[in-house]
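My questions concern the predicted model and sequence given below.
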Amino acid sequence: MKKTYCAITLLLFFGPLHLFGQKTTLKKKQEVLASVAKHQDELVAISDQVWAFAEPAMMEYRSAKVLADYAEAQGFTVERGVADIPTAFIASYGLGSTIIGILGEFDALPGLSQKALPTKEPLEIGAAGHGCGHNMFGAGSLGAALAIKELMEEGKLKGTIRFYGTTAEEDLAGKVYMARAGLFNDLDVCLDWHPAYENEANMASSQAVSDYSISFKGKSAHAAADPWNGRSALDAAEFFTTGINSLREHVLPTVRMHYVYTDAGKVPNVIPDKASVWLWIRDSKRSGVAEVSERMKEIAQGAALMAGVEVEVKLNSGLYELLINEAGAKILQKNMEFVGPITYTDKELAFANEIMGEYGAEPKGISGEIKPLGSEFQEVPGGST
């Protein structure tokens, strides 16, 4: 249902109320709803396919194809492999301004393979799975773009609608590379949404994030026969993460730091000459991320000195926090209220309660009610990048 809100919001951006009158606006909104209902089964089927594909960042070949193929079949002009990313694409319809973009993600998360069951049961052990609802994200956004495209096709709207197939949200930040290629430069406005447990127009920012690889290089030696001649890169990596964990006491409550070891040696009886840590640093503002990053680099240098090894700190990618668009959020709120709350069947509510019970949370169902528009100054949530 949330894809309907996206489509109706786009409608108001294409033509403000005073340009074509309240009755015309109402009629177009009803046509948007009819379009979404008409294509509902197809869009749900695409969402289910993307769920089953469950492809991680930059590897969403089948997911991107099923979305791009559907857009092409509906009359969009599709440009594939944009920004030199094989799984990124743009589906466009129309000509000239106003130019409206809507984002659609479809990547999965490593290690979260899951059958469509309320209990934890992987489709394939160790494989990727959808933990953030991106299977719905891409399909829902495309449904919104299609509803606007059909109004344009009938001559009821003018301008250009673009669906951006935005790869790699969970990791590697595909939109950053698309922005670097200038793919958003001529947009008048760009919209997105995200599956969530609450139904609301977003007035919160997001966390800025930097993604680092910290690599240590030492000297191998036999751990039993010749350890004094070794210089353990793993020792340095452990010193480093100990330093990061000690730093947690001395950063603002908005800061998040999380890491995994990506290389920690091969066997216990050989002192590792290589070790590496993959670290993300987040804060509510980019400036906060930059400040903590400088502390992190000093910790990395100190860890290397303690272990007598070399260190390299590599910035992989990063994102700024979202800028709040209050005017856009107010339009979205009005149209969400026009559409009305999401209603769930007893079967759906029971399924949700089973998931909560399995997780150890209080089973309390799901509310589809529309929350009041929040304040721009509400606390920045954690969560998706």
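Happy to help now that I have it. Small disclaimer: the values here were computed from a predicted structure and weren't measured. Numbering: from 1, shown residues only.

Check which helix or strand the residue lying closest to residue 111 once chain neighbours are set aside maps to.
Leaving aside its sequence neighbours, residue 111 sits nearest to residue 126 (C-beta to C-beta, 6 or more residues apart in numbering; 6.4 Å). Heads up, the C-betas are built off the backbone N, CA and C, glycines and all. Residue 126 belongs to no helix or strand when elements are defined using DSSP states H and E.

and the nearest residue to residue 256 once chain neighbours are set aside, what does it touch?
In this structure, residue 256 finds its nearest non-sequential neighbour in residue 282, 4.1 Å apart by C-beta to C-beta, 6+ apart. By C-beta atoms under 8 Å, 6 or more residues apart in numbering, residue 282 lies in contact with 207-209, 255-257, 289, 382.

quick one on the thing from earlier: what number of residues lie near the residue nearest to residue 111?
8 (other C-beta atoms under 10 Å).

That one contacts residue 56, correct?
No. Contact criterion C-beta atoms under 8 Å: residue 126 and residue 56 do not qualify, at 11.9 Å.

how many neighbours does residue 236 have?
Residues near residue 236, counting by other C-beta under 10 Å, number 29.

got it, and the one 4 residues further on?
Per other C-beta under 10 Å, the neighbour tally for residue 240 reads 28.

Check residue 83 too.
18.

distance of it from residue 50?
21 Å (C-beta to C-beta, to the nearest Å).

How about the secondary structure of the residue of the chain positioned farthest from its centre?
Here the centre of the chain is the reference, and by C-alpha atoms, centre = their mean the most remote residue is residue 225, at 49.2 Å. Three-state call for residue 225 (DSSP: H, G, I helix; E, B strand; the rest coil): coil.

Over to residue 161?
Under three-state DSSP, the three-state class of residue 161 is strand.

and the gap between it and residue 315?
Distance from residue 161 to residue 315, by C-beta to C-beta: 35 Å.

between those two, which one's more packed in?
residue 161 (26 against 10).

so the more buried one sits right up against residue 149, yeah?
Yes. Under the criterion of C-beta under 8 Å, residue 161 makes contact with residue 149 at 5.5 Å.

any common contacting residues for these two?
93-94.

And the pLDDT at the residue farthest from the centre of the chain?
If you check residue 225, the pLDDT there is 96.

part of a strand, is residue 170?
No. According to three-state DSSP, residue 170 belongs to no strand; its state is coil.

in the stretch 101-250 of the chain, which spans are strands?
All strands of the stretch 101-250 of the chain, identified by DSSP state E, counting those that start in this stretch, fall at 159-165, 189-191, 208-217.

Which of those has the highest mean neighbour count?
Stretch with highest mean neighbour count among the strands of the stretch 101-250 of the chain: strand 159-165 (a mean of 25; mean count of other C-beta atoms under 10 Å).

Could you name the helices and strands sitting against that one?
helix 61-73, strand 89-95, strand 99-104, helix 134-153 (3 or more C-beta pairs under 8 Å, 6 or more residues apart in numbering; DSSP states H and E).

Output the below-cut-off pLDDT ranges for this protein.
1-21, 376-385 (pLDDT under 70).

Tell me which residues of the strand or helix carrying residue 42 come out buried.
Secondary structure from DSSP H and E places residue 42 in helix 17-53. Buried residues in helix 17-53, counting neighbours by 16 or more other C-beta atoms under 10 Å, are found at 25, 28-29, 31-33, 35-36, 39, 42-43, 46-47, 49-51, 53.

So what's the gap between it and the chain middle?
How far helix 17-53 lies from its chain's middle: 23 Å, per C-alpha atoms, centre = their mean, to the nearest Å.

Stretch 201-209 now?
Using C-alpha atoms, centre = their mean, the offset of stretch 201-209 from its chain centre is 12 Å.

And the helices in the stretch 151-300 of the chain?
174-180, 233-247, 286-307 (DSSP state H, counting those that start in this stretch).

Same list (the ones you listed) but as CSV, adding distance to residue 358.
Shown next, in CSV, are those (distance: least, C-beta to C-beta, whole Å):
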stretch, distance to residue 358
helix 174-180, 32
helix 233-247, 30
helix 286-307, 35
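
among those, which is the most enclosed?
Across the helices of the stretch 151-300 of the chain, averaging neighbours per residue (mean count of other C-beta under 10 Å) puts helix 233-247 on top, at a mean of 20.

quick one: that helix to strand 208-217, angle?
Counting by axes from the mean of the first three to the mean of the last three C-alpha atoms, to 10 degrees, helix 233-247 lies at 150 degrees to strand 208-217.

buried set for stretch 142-154?
142-152.

which one of those residues is nearest residue 344?
residue 143 (19.1 Å; C-beta to C-beta).

Tell me if I'm right that the closest one and residue 36 touch.
Yes. Look at residue 143 against residue 36 with C-beta under 8 Å: they come within range, at 5.6 Å.

what's next to stretch 220-236, contact-wise?
Contacts for stretch 220-236 (C-beta under 8 Å, 6+ apart): 216-219, 264-265, 268-275, 303-304, 306-309, 311.

Can you get me the start-to-end distance on that stretch?
14 Å (C-alpha to C-alpha, to the nearest Å).

likewise stretch 262-278?
OK, stretch 262-278 end separation, C-alpha to C-alpha: 6 Å.

distance between it and the chain's centre?
Distance, centroid of stretch 262-278 to centroid of chain: 31 Å (C-alpha atoms, centre = their mean).

before we move on, what about stretch 231-248?
The answer for stretch 231-248 is 30 Å, by C-alpha atoms, centre = their mean.

so what's residue 59 up against?
residue 87.

going forward can the numbers begin at 59, since that is how I track them
Renumbered: residue one is now 59, and that last one reads residue 117.

any idea how far residue 285 is from it?
Distance, residue 117 to residue 285, using C-beta to C-beta: 40 Å.

Residue 256 touches residue 429, doesn't it?
Yes. Using C-beta under 8 Å, residue 256 makes contact with residue 429 at a distance of 5.9 Å.

Compute the distance between residue 391 and residue 196, please.
24 Å.

So between these two, which is more surrounded?
Taking other C-beta under 10 Å, residue 391 and residue 196 do not tie; residue 196 has more neighbours (27 against 21).
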